[in-house]
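> turn this into a model:
(2 chains)
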Amino acid sequence: MSTNGPDTPHVPGPSLWPIGFAIGIACLLLGLVLNWLVAAIGAVIAVAFGLLWARDVTRDVRGDVPTIAPEARAAAGLAPDEVDDEPLPAYSRSVFLEASLIGLSGVLGAVLTLPVLGFMVLPSFTNVDEDEVDLGPLDNFPEGEYVIATYLSNPQQGEVSRRTAFVRNNGFSEGGEPSFTILYSRCVHLGCPVQPNGPIDEDAITRIRGVELRPVLAQSFGCPCHGGQYNAEGNRTAGPPVRSLDRYSFSIRNGRLILGELFAVGNVSGTGANATISRYPWSVPGTHVDGLEAWLYPIVPSQVTG
Amino acid sequence: MAKRKTRRQTVVDLAVLAPLDWVDERTAFVRGTKWFLFRNVPRDISWAQTLGFATLIAFTSQVLTGAILAMYYRPSSEIDVTTGKPIAYSSIEHITNDLTLGWLVRGMHRWGSSVFIILLFLHMGRVFLFGAYKYPRELNWIVGALILVMGMLMGFTGYLLPWDQTAYWATVVGINLNGTAPFAGPWLAQFLAGGPEIGSDTLAKWYALHMLLIPGALIALIVVHLYLVARLGVTSPPWSKEAAGRERPVRKPRGARAGLVRGSGGGK
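Numbering: from 1, shown residues only, chains lettered A, B, ... in the order given. All right, here's what the predicted structure looks like:
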């Protein structure tokens, strides 16, 4: 089609339509977050400018619109060539059929594929919020000792949704506020279940509305999969983990301990109530949250707790 | 003088050649089969060139045993009321301990997966050391690399299915390994996990990936791989003095693509 040889670069004519198209897309994406009305306006802008852009781009291919003389009955005695001596530009039936076949197939393909792809991918990313968990009265947590708290985050799913936290009551901080160290049991190497390095008092088990509490005599934790070791503050002491154990944020309501969301910990200095915790948004196991390596993992996902 | 046909010849004609002719007339099947199988190979090939076929046999064995295992396996993490264990694990126990020859077919599938991966690597090593990835076989190397990736994905997704402690925590580790990939990692991990839990949804998803999607892609890739082998022929070993492979007409690239794209000339 194009008459350009390899030596004459093909430079498209300057066009403002792509900018309008981009604005429309941006508006559409913003609208998905903000408001459906904004999204609809964005979609209209994107479609309008997209069509204008497509018309602009395909101008060379389409050729000029032929000017067709109004049909006139040839005067008697005139030769037919004299009526119509210029051939019309050809846009043949086969080319039209080819284009419409390709276009229709594309539409059909999209109509079939997009919902299926969406159904394959999207359920993994929607409705993944977890509720807060009530661990019961504060009396269940003796000061300075770890208690293993386990519960099902989604009882319908059964044991696969079991979560474990290591809870230590630190007494009161200097400011007079209650302090807890609540470590999440999943290893920050690759997510295996970290175990306390000490005997569990199975007889002293307490059950509160789906939560089981077991006191444990442990001042360190270890992971059975690849040998990661952590001290009582959750700092790595040996093995492959790249940061300190994740922690739960917590709140105290009516004298009961409530677990909030998870957060990642770069490092903990100091102990117990006087510890300084470098806190970061939760991140996948095995990823650094601080230091130079953190720049390799710039994106914090919404939630993966596997 | 026309020779009279013996009785044997008549039987062969009627029972074998006539049906073949009938099919061939409609499909060109005989010509295609001859094109695919009756190829010249270098005089000095050795056992090393059989690794690809061995890999194909290992894969065929996986397909067969896998299809049969799918008749008895149930992908659910819910608790089976009769055994008190998850349904998936119970069905594996049932296959292994109760069903006649179940232990054998499951064992073939379980160990055959390792055989398949090992043969893939040996075949790849042979192709690499013989320089058989060079022109004109670069594309076949690329297709082979995709087959390797698909094979690894088959191993990864199949490992979860027994639903025991090893399977479960190895999968947790595998998903989190994917999660550490830069940029796309966390989303990839969340897609693989299928939500906050690695549970029934994950198991069913991985079962579907393991027995429908990835095998489909793998079989399609193998067909392309074999077509290219048949078209380009077997490579001579590096120490060979003889040229080998199918004789191919020299084609100008412009001539080769002419006619497929409108306006590219060719046709007539």
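> contact partners for the nearest residue to A:L152 once chain neighbours are set aside?
Distances taken as CB to CB, 6 or more residues apart in numbering or on different chains place A:S161 nearest to A:L152, at 5.2 Å, with adjacent residues excluded. Quick note: C-beta positions are derived from backbone N, CA and C, even for glycine. For A:S161, the contacting residues are A:L152, A:S153, A:N154, A:P155, B:P196, B:E197, B:G199, by CB atoms under 8 Å, 6 or more residues apart in numbering or on different chains.
> by mean pLDDT, which helix or strand of chain A comes out lowest?
When each helix and strand of chain A is scored by mean pLDDT, DSSP states H and E, helix A:80-83 comes last, with a mean of 53.
> okay, now A:F263: neighbour count?
Neighbour count for A:F263, taken as other CB atoms under 10 Å in any protein chain shown: 17.
> now do it against A:G239, distance only.
Distance, A:F263 to A:G239, using CB to CB, to the nearest Å: 22 Å.
> chain A contacts on the stretch 151-268 of chain B?
Residues of the stretch 151-268 of chain B lying close to chain A (CB under 8 Å from any CB of the partner chain) are B:168-169, B:172-173, B:175-177, B:179-180, B:182-183, B:185-187, B:189-191, B:193-202, B:262-263.
> return a PyMOL selection command for the buried portion of those residues.
Those of those that count as buried under 16 or more other CB atoms under 10 Å in any protein chain shown are selected in PyMOL with:
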select buried, chain B and resi 168+169+172+173+175+176+177+179+180+185+186+187+189+190+191+193+194+195+196+197+198+199+200+201+202
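> now do B:H210 against B:L56, distance only.
In this structure, B:H210 and B:L56 are 20 Å apart, going by CB to CB.
> of those two, who's got more company?
B:H210 (22 against 16).
> tell me the contacts of the nearest residue to the more buried one once chain neighbours are set aside?
Spatial nearest neighbour of B:H210, excluding adjacent residues (CB to CB, 6+ apart): B:T157 at 4.0 Å. Counting by CB under 8 Å, 6+ apart, B:T157 makes contact with B:W206, B:Y207, B:L209, B:H210, B:I214.
> which pair in the residues you listed spans the largest distance?
B:Y207 and B:I214 (11.1 Å; CB to CB).
> my read is that A:G227 contacts A:G239, right?
Yes: the pair A:G227 / A:G239 is scored as a contact, 4.5 Å apart, by CB atoms under 8 Å.
> next secondary structure after the least confident helix or strand of chain A?
Scanning forward in sequence from helix A:80-83 by DSSP states H and E, the next helix or strand is helix A:93-121.
> residue ranges with poor pLDDT in the stretch 151-268 of chain B?
Residues of the stretch 151-268 of chain B that meet the criterion pLDDT under 70 lie in B:242-268.
> redo that, cut-off 50
B:267-268 (pLDDT under 50).
> can you show me the helices along it?
For the stretch 151-268 of chain B, the helices defined by DSSP state H, counting those that start in this stretch cover B:165-179, B:185-193, B:200-208, B:214-232, B:253-257.
> of the contacts of B:T157, closest to chain A?
Within the contacts of B:T157, proximity to chain A (CB to the nearest CB) peaks at B:L209, which comes in at 10.0 Å.
> state the distance from the closest one to B:L129.
From B:L209 over to B:L129 the distance is 33 Å, taken as CB to CB.
> between the two, tell me which one has more neighbours.
Taking neighbours as other CB under 10 Å, B:L209 and B:L129 compare with B:L209 leading, 19 against 11.
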